[in-house]
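Novice: With the input below, show me the fold.
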Amino acid sequence: MQFTIQGRDTKSSARAGSITTDHGTIETPIFMPVGTAGTVKAVHQRELKDDIQAQIILGNTYHLYLRPGLDVLKQAGGLHKFNGWDRPILTDSGGYQVYSLSARRKLNPEGVTFQSHIDGSRHKFTPENVMDTQRVIGADIIMAFDECTPYPCEYGYALKSADITHSWLDRCFSRLNETTPLYGHQQSLFPIVQGSTYRDLRIRSAECIASKGAEGNAIGGLSVGEPHEIMYEMTELVCNILPDDKPRYLMGVGTPVNILESIALGVDMFDCVMPTRNGRNGMLFTSAGIINIRNEKWKSDFGPVDENGLQFVDHQYSRAYLRHLFVAGEMLGSMIASVHNLGFYLWLVKTARQHILEGDFAEWKSMMVPRLMQRL
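Specialist: From the prediction side, this is the model:
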């Protein structure tokens, strides 16, 4: 994997670059649609490629391990062949499920035992078998196994958790070095910075991760309930330590405003379920602000979803029609909203990239942030 920086903003830490993988090139900053179980919910591959122009999507190790299972994925030739996506894929290691499924797991320095949310069966994840699983899935970028700490989190717990994450990282690298990719393309391991919201722990973790010389690095354990100001503080702190010549991935973030602010701090890669999850519930992100399409005020509004003319679906549906679909419980409403929101997120990072290259990103961001925060 290669990362090249092609431009920088002079008034912030924003940068525009490209990541080259065996399945194609990713232009940064980039937003990655989340396809937890091998599919981006309610969105066709054609829409992802042609309408949204996604350059990379995500899968999740925990969920793919349970369904369809490793035997099926290996027989298919990996996730790329299984779901027909021929562009880059990133897989989360299951570390987020250590946080989100805390009531269904037991954690110790060896690994984590999960109780399946599907049938209650028990499965042990270790750094070693998580690397093996991601070899079978075959993603281009694979994540180290870590613990994502909750917020708030006591200092002692955050310290112990970060130490476990660092020891697991060494085991991830060892296992990866003992094995080879299964499908003829290279896989790049990204370590993950933890440390909750404690500055000294974040510095310590970032220095540890930076010392590994990985092809890219991630920032985890944020966007889990902490105030946005703290998230930005931790992000800036870590970005100033992680290598400048490697891509930085802020995991699970976030709103359009979160993304612009974090780009300004030096982040290159983002993912979040918000565009699709909120879209399925009738929340639309536009260049003029946020729309709750179920509201009565849109009942007879025959204007386009985005008042500035941005269109990411194959037809210009009106706000009134989209509201009708949601009120009537029609599946098409969720599909249109999901495609629109993902398209908007991809437009946002693409436009940010253009402004970085043109040298006026900071001014453009200052103009956009108040607009994006408006409730229409």
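Novice: Which parts of the stretch 51-200 of the chain are helices?
Specialist: For the stretch 51-200 of the chain, the helices defined by DSSP state H, counting those that start in this stretch occupy 61-66, 70-76, 79-83, 95-100, 127-137, 155-178, 199-210.
Novice: So which residues make contact with the fifth one?
Specialist: Helix 127-137 has contacts (Cβ atoms under 8 Å, 6 or more residues apart in numbering) with 59, 61, 64-65, 70, 73-74, 78-79, 91, 93-94, 111, 142-145, 168-169, 171-172, 175-176, 179, 181-182, 187, 189. For the C-beta atoms, the positions are set from N, CA and C on the backbone; glycine is no exception.
Novice: Report the mean confidence score over that helix.
Specialist: Mean per-residue pLDDT for helix 127-137: 97.
Novice: try the shortest one
Specialist: The pLDDT scores in helix 79-83 average 98.
Novice: for that helix, packing partners?
Specialist: Judged by 3 or more Cβ pairs under 8 Å, 6 or more residues apart in numbering; DSSP states H and E, helix 79-83 is in contact with helix 70-76, strand 89-92.
Novice: switch to 7 Å and redo it
Specialist: Helices and strands touching helix 79-83, by 3 or more Cβ pairs under 7 Å, 6 or more residues apart in numbering; DSSP states H and E, are helix 70-76.
Novice: cool, and the second one?
Specialist: Under the contact criterion of 3+ Cβ pairs under 7 Å, 6+ apart, helix 70-76 touches helix 79-83, helix 127-137.
Novice: in that helix, what's buried?
Specialist: Leu70, Leu73, Lys74 (16 or more other Cβ atoms under 10 Å).
Novice: rewinding a little: Asp9 is nearest to which of the helices of the stretch 51-200 of the chain?
Specialist: helix 199-210 (21.9 Å; Cβ to Cβ).
Novice: Now tell me what touches the closest one from outside.
Specialist: 158-159, 162, 166, 191, 193-195, 217, 234, 237-238, 241-243 (Cβ atoms under 7 Å, 6 or more residues apart in numbering).
Novice: What segments of the stretch 251-376 of the chain are helices?
Specialist: Using DSSP H, counting those that start in this stretch, helices in the stretch 251-376 of the chain cover 256-264, 274-280, 319-327, 331-358, 361-373.
Novice: can you list the ones you listed in JSON lines and add distance to Ala210 and mean neighbour count?
Specialist: As requested, the helices of the stretch 251-376 of the chain are exported to JSON lines (distance: least, Cβ to Cβ, whole Å; neighbours: other Cβ atoms under 10 Å):
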{"stretch": "helix 256-264", "distance to Ala210": "18", "mean neighbour count": "23"}
{"stretch": "helix 274-280", "distance to Ala210": "29", "mean neighbour count": "22"}
{"stretch": "helix 319-327", "distance to Ala210": "46", "mean neighbour count": "19"}
{"stretch": "helix 331-358", "distance to Ala210": "23", "mean neighbour count": "21"}
{"stretch": "helix 361-373", "distance to Ala210": "25", "mean neighbour count": "16"}
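Novice: Now tabulate these in TSV and tack on mean pLDDT and distance to Val136.
Specialist: Shown next, in TSV, are these (pLDDT from 0 to 100; distance: least, Cβ to Cβ, whole Å):
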stretch	mean pLDDT	distance to Val136
helix 256-264	98	31
helix 274-280	98	26
helix 319-327	98	39
helix 331-358	98	27
helix 361-373	98	39
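Novice: CSV please, covering those and showing distance to Ala288.
Specialist: Formatted as CSV, these follow (distance: least, Cβ to Cβ, whole Å):
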stretch, distance to Ala288
helix 256-264, 12
helix 274-280, 17
helix 319-327, 12
helix 331-358, 11
helix 361-373, 6
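Novice: Nearest to Ala42 among the ones you listed would be which one?
Specialist: Closest among the helices of the stretch 251-376 of the chain, once you apply Cβ to Cβ, is helix 331-358, at 4.5 Å.
Novice: elements contacting that closest one?
Specialist: strand 2-8, strand 15-21, strand 30-32, helix 256-264, helix 274-280, strand 283-286, helix 319-327, helix 361-373.
Novice: Ile118 is in contact with Leu66, correct?
Specialist: Yes: the pair Leu66 / Ile118 is scored as a contact, 5.9 Å apart, by Cβ atoms under 7 Å.
Novice: Among those two, which residue is more densely surrounded?
Specialist: Leu66 (18 against 9; other Cβ atoms under 10 Å).
Novice: Can you report how many residues neighbour Gly309?
Specialist: 9.
Novice: how much space between Ala42 and Val313?
Specialist: Using Cβ to Cβ, to the nearest Å, Ala42 is found at 12 Å from Val313.
Novice: try Arg67
Specialist: 29 Å.
Novice: before we move on, back to that, now for the helices of the stretch 251-376 of the chain, which one comes closest to Asn295?
Specialist: helix 319-327 (7.7 Å).
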